[in-house]
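Enquirer: Predicted coordinates and the sequence they were generated for:
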Amino acid sequence: TQLLEQSPQFLSIQEGENLTVYCNSSSVFSSLQWYRQEPGEGPVLLVTVVTGGEVKKLKRLTFQFGDARKDSSLHITAAQTGDTGLYLCAGYKAAGNKLTFGGGTRVLVKP
Amino acid sequence: SAVISQKPSRDICQRGTSLTIQCQVDSQVTMMFWYRQQPGQSLTLIATANQGSEATYESGFVIDKFPISRPNLTFSTLTVSNMSPEDSSIYLCSAGNRGYPGEQYFGPGTRLTVT
């Protein structure tokens, strides 16, 4: 059973369109991270959100942490082909000192 | 942040043999982890590599199959023992510091194919 559910599992859009990826859990996390992974590479940390209700922007990417620190979303505005990849959310709890990863969302941005 | 390197980047091995994967971090870190990933899918934690003591394994993973060493704060190895085709996967090393907010930095992965 995945403690972190990501949706959708796969998203195919045209360049210039917007997209949103969701990460949901019934558990509370101390922090939540988003990673992007491209084929043949390891995941790269995009952002860490730590406060309930927090919104962080990274150029065209907007990350939000839910008020109850159980869910998060990633919104990409005017997607580019370079945004193609596997997006992973991961929640951190101090007990155990490790990350719980979501199932991942594969994003394909077509030119 | 930390820069992680892994060796080898890929290998093709025969069933019944063992492969040792090396992970090097460019700075001292308190935590190192080993994950397994099927292409296009999420990560499954194999174990936490503890410096100077036995690794902490997740459910479904055992030391006899995946022995791990961590002799210092910048280096760890994972051995995949007595391999079978089901062990074909991508193996990833990550590193971070103990405690909140729990950020981890990943190596490029080792793509293993067992024939």
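Expert: Good, I have the coordinates.
Enquirer: Show me what the helix or strand of chain A with the lowest mean pLDDT pairs with in its sheet, parallel or antiparallel.
Expert: In chain A, no helix or strand scores lower on mean pLDDT, DSSP states H and E than strand A:98-101, which sits at a mean of 92. Here strand A:98-101 is paired, per DSSP bridges, with strand A:85-93 (antiparallel).
Enquirer: contacts for the partner strand?
Expert: If you take Cβ atoms under 8 Å, 6 or more residues apart in numbering or on different chains as the criterion, strand A:85-93 is touched by A:3-4, A:6, A:21, A:23, A:25, A:27, A:29-38, A:43, A:72, A:74, A:98-102, A:104-107, B:40, B:42-43, B:100-102, B:104. No exception for glycine: its C-beta is placed from N, CA and C like everyone else's.
Enquirer: Average pLDDT for that strand, rounded please.
Expert: Strand A:85-93 shows a mean pLDDT of 95.
Enquirer: Just give me how far it sits from the chain centre.
Expert: Here the centre of strand A:85-93 is set off from its chain's centre by 6 Å, with Cα atoms, centre = their mean, to the nearest Å.
Enquirer: for chain A, what are the nearby residues on chain B?
Expert: Contact residues, chain B versus chain A (Cβ under 8 Å from any Cβ of the partner chain): B:1, B:4, B:31, B:33, B:39-43, B:45, B:48, B:92, B:94, B:98-109, B:111.
Enquirer: which of those residues are buried?
Expert: The neighbour count (16 or more other Cβ atoms under 10 Å in any protein chain shown) marks B:4, B:31, B:33, B:41-43, B:45, B:48, B:92, B:94, B:101-107, B:109, B:111 as buried among the residues of chain B next to chain A.
Enquirer: do whichever helix or strand comes after the least confident helix or strand of chain A and chain B meet?
Expert: Proceeding N to C from strand A:98-101, the next assigned helix or strand is strand A:105-110, under DSSP states H and E. Yes. Using Cβ under 8 Å from any Cβ, strand A:105-110 comes into contact with chain B via A:R106.
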